[in-house]
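**Student:** let's see this in three dimensions:
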Amino acid sequence: MTPGLMAREVDCALPEAFGAFEMASGAHIAEGAKAPLCTFEVQNGNHVFICAGATLTRCTLHVSGKGGLIIIGPEARLKNVVLMVSGRDSAVVVGARTSWESGRGFSSKQSRLLAIGQDCMFSHSVTLRTNDAHGIFDLATQDHINPPEDVVVHAHVWLGSGVRVSKGAEVGASTIVGQASVATGKLDPRCVYAGIPARKLRENVTWSRTTAWDDIPVAFRS
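**Tutor:** Numbers count the residues shown, from 1 in each chain. The predicted structure is shown next:
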């Protein structure tokens, strides 16, 4: 993900918001951001950026390897979330105003990206990962057949309790994924999905954090 794309998704002028990326490794928390009871484990050569207005509560952010990056956008709200980045040049990006009640996000191996757009709503025990953690091999050729792949969740996506988003998945904007579903492959925007694997149940929808149409951000009403 380029710095320009990162800036658009998190609504934060990166890297200008924190100065040059050549700044010292570690966790960089902007003025106005809060991180009570959080743990930051950031090895040399890696960065965590928490943008202004973001609130993280009882979260753990771990970055190892080289060139790893976690960005939490402005006014994002995360509780009891573990984010882990490992390998080389991998990243997790959480967009502005996204909320996440609990769960885990993993971006590992070389140059992998876990990108979550702005204004998403994730319920409890939601897990997203760019790899399977263990290798699967073809017996005849010895080829590794389950390599890591990026995960992209576009803006204004609602993931229900217990949803799993597998490596290589792309969830379209304004889509809703029902509780305990497993998202794989490409999920179209403005649709309802559920099941294992998640299947399309309805098209041409959007959603509100309340029961009122007027509480839907204007950008996601069509």
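
**Student:** phi, psi for the residue sitting furthest away from the middle of the chain please.
**Tutor:** Among residues of the chain, the one most distant from the C-alpha centroid is Ala140; the distance is 36.2 Å, by CA atoms, centre = their mean. Main-chain torsions, Ala140, degrees, to the nearest 10: phi -80, psi -40.

**Student:** mind listing what it touches?
**Tutor:** For Ala140, the contact set (CB atoms under 8 Å, 6 or more residues apart in numbering) is empty. Bear in mind the C-beta positions are built from the backbone N, C-alpha and C, glycine included.

**Student:** what pLDDT does it get?
**Tutor:** With respect to pLDDT, Ala140 scores 98.

**Student:** which parts of this protein are helices?
**Tutor:** According to DSSP state H, the chain carries its helices in the segments 3-10.

**Student:** where does it have low pLDDT?
**Tutor:** 1-23 (pLDDT under 70).

**Student:** any idea how far Thr141 is from the spatially most central residue of the chain?
**Tutor:** Geometric centre of the chain, nearest residue: Ile116, 3.6 Å, by CA atoms, centre = their mean. The spacing between Ile116 and Thr141, counted by CB to CB, to the nearest Å, is 35 Å.

**Student:** Arg129 now?
**Tutor:** Counting by CB to CB - Arg129 and Thr141 are separated by 26 Å.

**Student:** more neighbours: these two, which one.
**Tutor:** More neighbours surround Arg129 than the other of Arg129 and Thr141, with 21 against 8 (other CB atoms under 10 Å).

**Student:** report the contact partners of that one.
**Tutor:** Arg104, Gly105, Phe106, Ser107, Ser108, Leu114, Val151, Val165, Ser166, Lys167.

**Student:** among those residues, name the buried ones.
**Tutor:** Among the contacts of Arg129, the ones that count as buried by 16 or more other CB atoms under 10 Å are Gly105, Phe106, Ser107, Ser108, Leu114, Val151, Val165, Ser166, Lys167.

**Student:** closest one of these to Asp188?
**Tutor:** For the buried ones among the contacts of Arg129, the closest approach to Asp188 (CB to CB) belongs to Val165, at 15.0 Å.

**Student:** my read: that closest one touches Thr175, true?
**Tutor:** No. Applying CB atoms under 8 Å, one finds Val165 not in contact with Thr175, separated by 11.5 Å.

**Student:** follow-up on the earlier one: for the buried ones among the contacts of Arg129, work out which two are farthest apart.
**Tutor:** Ser108 and Val165, at 14.7 Å, using CB to CB across the buried ones among the contacts of Arg129.

**Student:** before we move on, back to that, the contacts of Arg129: which two are farthest apart?
**Tutor:** Going by CB to CB, the pair spanning these furthest: Ser108 and Val165, at 14.7 Å.

**Student:** thinking again about what came up before, which one of the contacts of Arg129 is nearest Val42?
**Tutor:** Nearest member of these to Val42, counting by CB to CB, is Ser107, at 14.2 Å.

**Student:** any chance of the contacts of Arg129 in CSV, plus distance to Ala33?
**Tutor:** Below are the contacts of Arg129 laid out as CSV (distance: CB to CB, whole Å):
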residue, distance to Ala33
Arg104, 21
Gly105, 18
Phe106, 23
Ser107, 21
Ser108, 25
Leu114, 20
Val151, 24
Val165, 26
Ser166, 31
Lys167, 30
